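Engineer: Quick one: sequence plus predicted model below, questions after.
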Amino acid sequence: MSPRRNARALAPRPKRHAASGKTRALGQHFLHDDAVAGRIIGEVRPTNQDLVIEIGPGLGALTGRLARAAGRLLALEVDEDMAAALVERFRDAPHVEIAVADARSFNYAGLVGLKPAPAGRVLVVGNLPYSVGKPILQSLVEAGPTVDEMALMLQKEVAERVAAGPGGRTYGSLSVLTQLACEARLAFTVPPGAFRPPPQVDSAVLHLRVRRAPPVPVDDPARFRAVVLAAFSQRRKSLANALASGLGLGPERARAMCAAAGIDAGRRAETLSLAEFARLAQA
């Protein structure tokens, strides 16, 4: 759908700078610091060969910069009023499309066919609403190699969990499942004053480079996910007890599972590496 057809379909209304009820319900805080916008985009460095998906453009702090750099830009905005205002703003930019869509359920599978050049990349950039940041991230991770790189603004606490390594309290199922699919790095933090209205917590930009293949052998992704979720379901318990409870196993069978993977059943889930979780899933 072209931007002009989008404009007709949405019947643009006058620009509104206050968040609508839907946007407020998602906990959206709008970026207004142009220097921060530049740093976010600098994490993925889009070119005229790349397709960029912007999630939650809102008032367009990132959108203008992305439109100048990308070969094609598709912005997903759940708020119809804000989408209509952006359609009007970019009505003379044929390579920019504004779609009313929910990023949690958007079909990312067909994005490769939208690239302006075969050698180009599929990049995702966005200031994700706090309340739905994790489900959006999950949908993007599940899209697999359809996406090449991402630069996502999240609540700092969530970004730290995604990028955490084994051994710390922030390391959990979100860390393991994301890092199986992506190289994750916390790029920089962003203070509340960069947003309107300012949130009560700090934010952080997460850089994700999607892996072409998992770094460890995983024969059954669904089983791997079930084991990881079970292991972290009761963090204070030993690994064997957490697995027994989370997977509905008897204690002896859970301990045997750990032994078959060469892992001490008394350890806790937060101490296990990706490779160890892969061995558990195989066991």
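Structural biologist: Structure received.

Engineer: show me the contacts for Ser146.
Structural biologist: Rather than Ser, residue 146 is Thr. Going by C-beta atoms under 8 Å, 6 or more residues apart in numbering, Thr146 touches Tyr108, Ala109, Leu111, Val112, Val122. The C-beta positions use only the backbone N, C-alpha and C, and glycine is treated the same way.

Engineer: among those, which are in strands?
Structural biologist: Under the assignment DSSP state E, those contribute Val122 to strands.

Engineer: Do a quick rundown of the helices in the stretch 151-283 of the chain.
Structural biologist: Ranges of helices in the stretch 151-283 of the chain, per DSSP state H, counting those that start in this stretch, are 156-163, 173-181, 221-231, 239-247, 251-260, 274-282.

Engineer: Kindly export the second one (C-alpha atoms) in CSV.
Structural biologist: So the one you mean is helix 173-181. Listed next in CSV are the C-alpha coordinates belonging to helix 173-181 (Å, rounded to 0.1, in the frame of the first residue of the first chain):
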residue,chain,number,x,y,z
SER,A,173,14.7,-16.8,30.4
LEU,A,174,14.5,-13.5,28.5
SER,A,175,18.3,-13.4,28.3
VAL,A,176,18.7,-17.1,27.2
LEU,A,177,15.9,-17.1,24.6
THR,A,178,16.9,-13.8,23.0
GLN,A,179,20.6,-14.6,23.0
LEU,A,180,20.0,-18.0,21.3
ALA,A,181,18.7,-16.0,18.3
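
Engineer: Who are the packing partners of that helix?
Structural biologist: On a contact count with 3 or more C-beta pairs under 8 Å, 6 or more residues apart in numbering; DSSP states H and E, helix 173-181 meets helix 133-142, helix 156-163, helix 221-231, helix 274-282.

Engineer: domains of the protein?
Structural biologist: 3-210, 221-282 (automatic domain parsing).

Engineer: just to revisit the earlier point, mind putting the contacts of Thr146 in JSON lines, neighbour count included?
Structural biologist: Shown next, in JSON lines, are those (neighbours: other C-beta atoms under 10 Å):
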{"residue": "Tyr108", "neighbour count": "17"}
{"residue": "Ala109", "neighbour count": "11"}
{"residue": "Leu111", "neighbour count": "19"}
{"residue": "Val112", "neighbour count": "16"}
{"residue": "Val122", "neighbour count": "23"}
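
Engineer: which two in the contacts of Thr146 are spaced the farthest apart?
Structural biologist: Farthest pair in the contacts of Thr146 (C-beta to C-beta) is Ala109 and Val122. Separation: 11.1 Å.

Engineer: so where's this protein uncertain?
Structural biologist: 1-27 (pLDDT under 70).

Engineer: for it, what spans make up the strands?
Structural biologist: 30-31, 51-55, 72-77, 96-100, 122-127, 149-155, 182-190, 195-196, 203-210.

Engineer: So what are the sheet partners of the fifth one and their directions?
Structural biologist: The strands that strand 122-127 pairs with in its sheet are strand 51-55 (parallel), strand 149-155 (parallel) (by DSSP bridges).

Engineer: What residues are bridge-paired with Val190?
Structural biologist: Bridge pairing for Val190 - DSSP bridges - gives Ser203.

Engineer: So what's the residue count around it?
Structural biologist: Residues lying near Val190 (other C-beta atoms under 10 Å) number 23.

Engineer: now swap in Asp92 and tell me
Structural biologist: 8.

Engineer: could we number from 47 for the rest of this?
Structural biologist: That works, and once the first residue is 47, the last one we named lands at Asp138.

Engineer: Pull out the buried positions in stretch 215-222.
Structural biologist: Thr216, Tyr217, Gly218, Ser219, Leu220, Ser221, Val222 (16 or more other C-beta atoms under 10 Å).

Engineer: hang on, the earlier thing: looking at the helices and strands packed on helix 219-227, which is closest to Met128?
Structural biologist: helix 179-188 (16.8 Å).

Engineer: name the helices or strands packed onto the closest one?
Structural biologist: Helix 179-188 packs on strand 195-201, helix 202-209, helix 219-227, going by 3+ C-beta pairs under 8 Å, 6+ apart.
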